[in-house]
Each structure stands twice: as structure tokens, then as C-alpha cells.
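Trainee: With the input below, show me the fold.
(2 chains)
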Amino acid sequence: NAGVTQTPKFQVLKTGQSMTLQCAQDMNHEYMSWYRQDPGMGLRLIHYSVGAGITDQGEVPNGYNVSRSTTEDFPLRLLSAAPSQTSVYFCASRSGFSYEQYFGPGTRLTVT
Amino acid sequence: GQQLNQSPQSMFIQEGEDVSMNCTSSSIFNTWLWYKQDPGEGPVLLIALYKAGELTSNGRLTAQFGITRKDSFLNISASIPSDVGIYFCAGFYSGGSNYKLTFGKGTLLTVNP
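Mentor: Just a heads-up that it's a prediction; the model follows:
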């Protein structure tokens, strides 16, 4: 049982490039979320999903897309990277029967 | 959205000392969670609280769900160097979305050996 996994661990992009941050969980959790963490700003919700095929926006969704085709995977797409998207990104998941949310190890993204 | 005020923002203590931190809100919360984040890692769930007045321990950590449901407290007893990290409170507030967790800004704990 690996829990929540994220790849890559580190990524450097040039402005305008696109990429996908991968997130997977093996706990059969219905709910999955993406956060970004910036100094002084805490954890901010980007997008979340309450089940396969269902996604919704969080606090800071602009510049990001998500999809949820399976229960296990919840990729985050940056369409055209900007320096303001330099951050640490965390994926999280929880069961629909519990409020206990579990986080992945994070992806540190730098956009130059 | 709802705000969680976490204090103190940072603490610098000597090994062996006890630590207390808290989170407060103007809204009622129905679940409180406490996380620890080590440098370069994701937050790890320490304790979950579900009922007003609940007191729950996890080793040297003890957390309480405030009676008013607007606050929560985390205590660490006999601190050791590996307690260093950022501690976050988080919660789901009553009347809000069932899907979105609200986070405090964190307490940075430094333990001097």
C-alpha cells in the first residue's frame, strides 16, 4: 500500500511550456485534491474531485486543468506555465466515509 | 472562505520542553485535523478530532477539540529534535462544503538539542 504518490519530485519549466503532474492513490479513495503551497500563503486548493468523472474548482484554479478518468489517478495539467506557478504542489486523497485526508510527497515546480 | 488563525507562527524551544499551539476560527468546525510537515515532504496526519471536548493522544502528542467547536489545541510533551517541522491545523466547518478542508498557516517548531 503506497498511499498517495506523485511524480515528478522536481521539475523546471520555461514560461509557456505545458506539463502534467501525476498523482495516484491505491486506497480506493473517492475524494482527491490538488493544493499548492507558497511561503506565507499556506496550502491553497486548486481543484478537487469527488469521484471518477467529477471535478470542481478550488480557490486558485486559473491556469490549471484536471480530469479524473479513474478512481486511482488525478493528474494536474499546466496549460502554459507562468513564473507565478512556481510552487510546491501536493495531491491529497480521502475516503468518502472519513474526513482524514492524506497527502502525497509533493512536486517542486520552478518556472523560469 | 473561512479562516483558521493558527498561533504561534513560530516557536524556538529547548529539547525536553513541552509545546502548545492552537487554532481558532469565528466559525464552528465539525472536524479538526492536525498535520506535521517535515522539510521537503508532504503533510502527515497526526491526529483527527470529531467531537467537541474530545481529547486524543498519539504518543507524546495530545490534541483537543474545543468545547465551543471554534478552536483546537495541540500539545507536544518532552520535545525531541525530530519534532522539528511545521504543524498545521485543518478542519471542515459546519455549513461549509463537505469537500474542502480549511488550513491554518502553520506553526514552525524549532527544537534546540
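Trainee: Report how many residues lie close to the residue of chain B found nearest chain A.
Mentor: Residue nearest to chain A within chain B: B:Gly42 (3.9 Å; Cβ to the nearest Cβ). (Each C-beta comes from the backbone N, C-alpha and C, glycine too.) For B:Gly42, the count of nearby residues is 21 (other Cβ atoms under 10 Å in any protein chain shown).
Trainee: ok, it touching A:Gly106?
Mentor: Yes: look at B:Gly42 against A:Gly106 with Cβ atoms under 8 Å: they come within range, at 5.0 Å.
Trainee: what touches both of these two?
Mentor: Counting by Cβ atoms under 8 Å, 6 or more residues apart in numbering or on different chains, the shared contacts of B:Gly42 and A:Gly106 are A:Phe90.
Trainee: on that earlier part again, roughly how far apart are the residue of chain B closest to chain A and B:Ser7?
Mentor: To B:Ser7, B:Gly42 is 23 Å away according to Cβ to Cβ, to the nearest Å.
Trainee: do the same with A:Ala82
Mentor: Between A:Ala82 and B:Ser7 the computed distance is 33 Å (Cβ to Cβ).
Trainee: Ok, A:Gln6 next?
Mentor: According to Cβ to Cβ, A:Gln6 and B:Ser7 sit 30 Å apart.
Trainee: can you pull the contacts of B:Tyr50?
Mentor: Contacts here follow Cβ under 8 Å, 6+ apart; on that basis B:Tyr50 touches A:Tyr99, B:Asn30, B:Thr31, B:Phe65.
Trainee: What of A:Gly58?
Mentor: A:Ser33, A:Trp34, A:Tyr35, A:Arg44, A:Leu45, A:Ile46, A:His47, A:Tyr48, B:Lys100.
Trainee: what does A:Ser80 give?
Mentor: A:Gly16, A:Gln17, A:Ser18, A:Gly63.
Trainee: what's the pLDDT at the last one?
Mentor: Okay, so that is A:Gly63. With respect to pLDDT, A:Gly63 scores 96.
Trainee: what's the answer for the first one, then?
Mentor: Here, the pLDDT recorded for A:Gly16 equals 97.
Trainee: Quick check, it in contact with A:Ala81.
Mentor: Yes: the pair A:Gly16 / A:Ala81 is scored as a contact, 6.6 Å apart, by Cβ under 8 Å.
Trainee: Longest strand in chain A, please.
Mentor: strand A:42-51 (DSSP state E).
Trainee: for that strand, which positions count as buried?
Mentor: Residues A:Gly42, A:Leu43, A:Arg44, A:Leu45, A:Ile46, A:His47, A:Tyr48, A:Ser49, A:Val50 are the ones in strand A:42-51 that count as buried (16 or more other Cβ atoms under 10 Å in any protein chain shown).
Trainee: And stretch B:103-113, by the same measure?
Mentor: Neighbour-count burial for stretch B:103-113, counted by 16+ other Cβ under 10 Å, picks out B:Phe103, B:Gly104, B:Lys105, B:Gly106, B:Thr107, B:Leu109, B:Val111.
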